[in-house]
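A.B. asks: Predicted model follows, preceded by the sequence.
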Amino acid sequence: MTVMTGAKASFPGPSGGPERFLVAGLGVQGRKRLAICGQEAAVTVDPHVDEADYRDIADVPLGEFDAALVCTPDAAKMEILQYLLENGKHVLVEKPLLCDDARSYAKLEDLCRRKGVVCYTAYNHRFEPHFVRMRDLIESGRLGTLYSIRLFYGNGTARLVRESRWRDSGDGVLPDLGSHLLDTILFWTGKPAEPFVMQTARSHENAAYDHVVLGCDGEPVISLEMMLLSWRNDFHADVYGEHGSAHIRSLCKWGPSSFTHRTRKLPSGIPDEETVTLCQPDPTWRLEHRHFIAMCTDPNAHDYGNTRNDAWICDILASLAKSRVGAGSRHVAT
């Protein structure tokens, strides 16, 4: 077993990228982005926060910033993105990027190509060290044919979400944590051939869903469980293949976080096992910020962003929301 305590990552800054950032929305995510920008944060916008420089993004002189970090509620995102991209600004937008009209994603991509800018939806878990290890192990073929992928993502924010009018609405935890899990499947294996179905959708304490389980009966079989009722924040992943298995326990922000690779013994027996454990601060936000800057230096090399991924995730979430297969769904106020 390898234990890495206090590991530090380096964040080289590519040249030629944006140097002045506008941060739109000073909620939890916006303040994280603002802290990462440091002196590169040129201007802030929020209609409800007194300390913000501006109340309306349209009032900000375009010459004051090169790129924008959009951390607003979901309903406001699309209009803000269109305004920024039309004016030739690179944009990082917090996930999920959802819209009612699937054609909107193609329009965003076309707009990025015409203006030569990036529209990037942030999925910071792609920069978890163990998520990268899992992707690399799967791609190496050392696990062989994949049989099963199980992901669980739980936190204990049900009451906090319930106290937020805009967060405790719609389909709740499904787009919030479900978008992360769907993007993780994209990152590790690409798009499954079979559809996802909603196996459980519950509202134990909230108006919107606070516990959802999704399934995909393909090859591999995929199970995604998400909830706001895990009083100790938790993430785990289990991937099983013909030659062995791989397992993630926890995220860096909740550490320690471990990655275990087990090599199958035939015909049976205790597998060879190697574990890497990380005890370090969450590196994902800074790594993603530098990745975004790198994308901006050559938008064409990065397909002008990841709106195609957004379109796939949105299509699945919309289909699941319409199905409401979880017949046991209930809404309970406590």
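C.D. replies: Received it, and whenever you're ready, just let me know what you need.
A.B. asks: what about the strands in this structure?
C.D. replies: For the chain, the strands defined by DSSP state E occupy 2-5, 21-24, 41-45, 67-70, 90-94, 119-122, 146-154, 196-202, 211-217, 221-227, 234-241, 244-249, 257-263, 272-279.
A.B. asks: among these, which is nearest A102?
C.D. replies: Judged by CB to CB, the one of the strands of the chain that comes nearest to A102 is strand 119-122, at 15.2 Å. For the C-beta atoms, the positions are set from N, CA and C on the backbone; glycine is no exception.
A.B. asks: ok now the closest one, how far from the chain's centre?
C.D. replies: 10 Å (CA atoms, centre = their mean, to the nearest Å).
A.B. asks: Give me the contact list for it.
C.D. replies: Here strand 119-122 makes contact (CB atoms under 8 Å, 6 or more residues apart in numbering) with 81, 85, 90-97, 108-109, 111-112, 288, 292, 295, 304-307, 309-310.
A.B. asks: Just the buried residues from these, in PyMOL please.
C.D. replies: Remark: buried members of the contacts of strand 119-122, expressed as a PyMOL selection using 16 or more other CB atoms under 10 Å:
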select buried, resi 81+85+90+91+92+93+94+95+96+97+108+109+111+112+288+292+295+304+305+306+307+309+310
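A.B. asks: Could you pick out which of the contacts of strand 119-122 are located in helices?
C.D. replies: Using DSSP state H, the subset of the contacts of strand 119-122 located in helices is L81, L85, L108, E109, L111, C112, E288, F292, M295, T307, N309, D310.
A.B. asks: isn't L62 right up against N87?
C.D. replies: Yes. Counting by CB atoms under 8 Å, L62 does reach N87; the two are 5.5 Å apart.
A.B. asks: Could you list the buried residues of stretch 159-176?
C.D. replies: V161, R162, R167, D168, G170, D171, G172, V173, L174, P175, D176.
A.B. asks: Kindly report the same for stretch 142-159.
C.D. replies: Residues of stretch 142-159 classed as buried: L143, L146, I149, R150, L151, F152, Y153, G154, N155, T157, A158 (neighbour count, 16+ other CB under 10 Å).
A.B. asks: Can you lay out these as TSV showing distance to E274?
C.D. replies: TSV is the format used below for these (distance: CB to CB, whole Å):
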residue	distance to E274
L143	13
L146	19
I149	20
R150	20
L151	21
F152	22
Y153	25
G154	27
N155	29
T157	34
A158	37
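A.B. asks: Identify, from these, the entry nearest to E273.
C.D. replies: E273 lies nearest to L143 out of the buried residues of stretch 142-159, by CB to CB, at 13.9 Å.
A.B. asks: count of neighbours near the closest residue to that closest one other than its chain neighbours?
C.D. replies: Using CB to CB, 6 or more residues apart in numbering and skipping residues adjacent in sequence, the residue nearest L143 is G241, 3.3 Å away. Using other CB atoms under 10 Å, the number of residues around G241 comes to 20.
A.B. asks: what's the spacing between the residue nearest to L111 when sequence neighbours are not counted and E274?
C.D. replies: Distances taken as CB to CB, 6+ apart place L85 nearest to L111, at 4.8 Å, with adjacent residues excluded. Per CB to CB, to the nearest Å, L85 is found 45 Å from E274.
A.B. asks: what does T297 give?
C.D. replies: Distance of T297 to E274, given as CB to CB: 37 Å.
A.B. asks: can you check I138 too?
C.D. replies: According to CB to CB, I138 stands 16 Å off from E274.
A.B. asks: Name the residue in those two with the higher neighbour count.
C.D. replies: Higher neighbour count among I138 and E274: I138, with 18 against 11, using other CB under 10 Å.
A.B. asks: Surely that one touches T189?
C.D. replies: Yes. If you go by CB under 8 Å, I138 and T189 touch, sitting 6.4 Å apart.
A.B. asks: Now G215: closest residue in space, sequence neighbours ignored.
C.D. replies: G215's closest residue in space is Q199 (CB to CB, 6+ apart), at 4.9 Å.
A.B. asks: What pLDDT does the model give that neighbour?
C.D. replies: Here the pLDDT value assigned to Q199 is 94.
A.B. asks: Same check on the one 5 residues further on?
C.D. replies: Reading off the confidence values, H204 has pLDDT 95.
A.B. asks: That one and S230, how far apart?
C.D. replies: 12 Å.
A.B. asks: So which of these two has more stuff around it?
C.D. replies: Shown here are H204 and S230; by other CB under 10 Å, S230 has more neighbours (18 against 15).
A.B. asks: I figured the more buried one was touching T157, is that so?
C.D. replies: No. Assessed by CB under 8 Å, S230 is found out of contact with T157, at 9.4 Å.
A.B. asks: Export the buried residues of stretch 159-176 as JSON lines, with columns for pLDDT.
C.D. replies: Listed next are the buried residues of stretch 159-176 as JSON lines, based on pLDDT from 0 to 100:
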{"residue": "V161", "pLDDT": "89"}
{"residue": "R162", "pLDDT": "90"}
{"residue": "R167", "pLDDT": "78"}
{"residue": "D168", "pLDDT": "82"}
{"residue": "G170", "pLDDT": "83"}
{"residue": "D171", "pLDDT": "89"}
{"residue": "G172", "pLDDT": "90"}
{"residue": "V173", "pLDDT": "93"}
{"residue": "L174", "pLDDT": "94"}
{"residue": "P175", "pLDDT": "91"}
{"residue": "D176", "pLDDT": "91"}
